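Engineer: generate coordinates for the sequence data below:
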Amino acid sequence: MMIEYKEDEMLMLSGIQHFMFCKRQWGLIHLEQQWAENRLTTEGEILHENVDNPFYRQKNGVHITLRSVAIASKKLGLYGLTDAIELIEVDNSENAITHPKYPGFWKPFPIEYKHGTRKSNEMDELQLTAQVMCLEEMYNIRITEAALFYWENKHRDVVPITDSLRSLAKKIAEEMHTIFSSGITPRAEKKPQCRSCSLLDLCLPQLMNKISVNKYLKDNLYEEAT
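Structural biologist: Below you'll find the predicted structure:
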C-alpha cells in the first residue's frame, strides 16, 4: 500500500541535495534550522536570483518557459519550486498538459540550474527526478527526461528519468522522513567534503579551530621566514 504524507509532514524537495552531500548537514538545516553562508552558497543564491522569477514566461515558437513553478508529491512527501519548466507543444494530450494562457497541448520538460559542474554522485539527478515525480503525480502524466544546466560550463545535460533513479529518489525521501520523524540529527563524520561545507564551524567547531590555527601558523611563520 502506497503511503501518502499529510500536508504537515511534507519536507523540502531541495533538501535532497543536502541529504546526499551529508545527512548531518541536512539534519542541522532541516531539523535544527541552522544555516550559514560561504562563497559557494552565496554564488548559488546569486545564480537563482536570475532564474527563479515566478512571473517570467517566455514563448519562443513551440516552446514556453515557466519559472518557479510550485510542485508537490504526497507519495514522496516532498514539496518545492522548479527552476524552469519548458513546455513543448505536441499534437495530442498523451503525457501532456494544458495551459490557461496558451491553447493546445504541452509536454513539460523540467530544467534545474546548478552553479558548478556535474557531481561525482547522483545528487543533482535525484533532485531532478523528484521534481519529475512531483509533476507526474500532479498532472497524471509520464515524463521520460529532463535536464540539468551547469552554469560554470554553460552546458545542458539531458537526464533520462530511469526506473533506478525513481526508486532511489523514493528511497532517499523515505530516509529523510524517517530521520525527520526521529528528531535526531545524524552524528558528525569527518569527510573530505567537510572543508567546503558552510556549516563546518557549527558542525565540527574543533576541526574548524584546528584549520584556522594551522592556517594562521603557516601564513605567519612563512612570512617571518621570508
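
Engineer: doesn't residue 126 lie inside a strand?
Structural biologist: No - Residue 126 is assigned helix when assessed by DSSP: H, G, I helix; E, B strand; the rest coil, not a strand.

Engineer: what's near enough to touch it?
Structural biologist: Contacts for residue 126 were tallied using CB atoms under 8 Å, 6 or more residues apart in numbering; they are 16, 20, 165, 168, 169, 172. All C-beta atoms are positioned from the backbone trio N, CA, C, and that covers glycine.

Engineer: need those residues in a markdown table (columns: neighbour count).
Structural biologist: What follows is the contacts of residue 126, written out as a markdown table (neighbours: other CB atoms under 10 Å):
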| residue | neighbour count |
| --- | --- |
| 16 | 26 |
| 20 | 20 |
| 165 | 19 |
| 168 | 17 |
| 169 | 26 |
| 172 | 22 |
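
Engineer: now secondary structure and distance to residue 155 too, for these, in JSON lines please.
Structural biologist: JSON lines is the format used below for the contacts of residue 126 (DSSP: H, G, I helix; E, B strand; the rest coil; distance: CB to CB, whole Å):
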{"residue": "16", "secondary structure": "helix", "distance to residue 155": "22"}
{"residue": "20", "secondary structure": "helix", "distance to residue 155": "21"}
{"residue": "165", "secondary structure": "helix", "distance to residue 155": "20"}
{"residue": "168", "secondary structure": "helix", "distance to residue 155": "24"}
{"residue": "169", "secondary structure": "helix", "distance to residue 155": "23"}
{"residue": "172", "secondary structure": "helix", "distance to residue 155": "25"}
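
Engineer: what about the protein, any weak spots by pLDDT?
Structural biologist: 1-2, 35-62, 196, 200, 202, 204-226 (pLDDT under 70).

Engineer: thinking again about what came up before, show me the two of the contacts of residue 126 that sit farthest apart.
Structural biologist: Spanning the widest gap among the contacts of residue 126 are 20 and 165, at 12.6 Å by CB to CB.

Engineer: residues shared between the contacts of the two?
Structural biologist: Joint contacts of residue 20 and residue 165 (CB under 8 Å, 6+ apart) are 122, 126.

Engineer: how about the strands of the chain, start to end?
Structural biologist: 11-12, 57-60, 63-67, 70-73, 78-81, 84-90, 97-99, 102-114, 145-150, 155-160 (DSSP state E).

Engineer: so which of the ones you listed is the most surrounded?
Structural biologist: strand 78-81 (a mean of 20; mean count of other CB atoms under 10 Å).

Engineer: I'd like to know which elements that strand is packed against.
Structural biologist: On a contact count with 3 or more CB pairs under 8 Å, 6 or more residues apart in numbering; DSSP states H and E, strand 78-81 meets strand 11-12, strand 70-73, helix 123-139.
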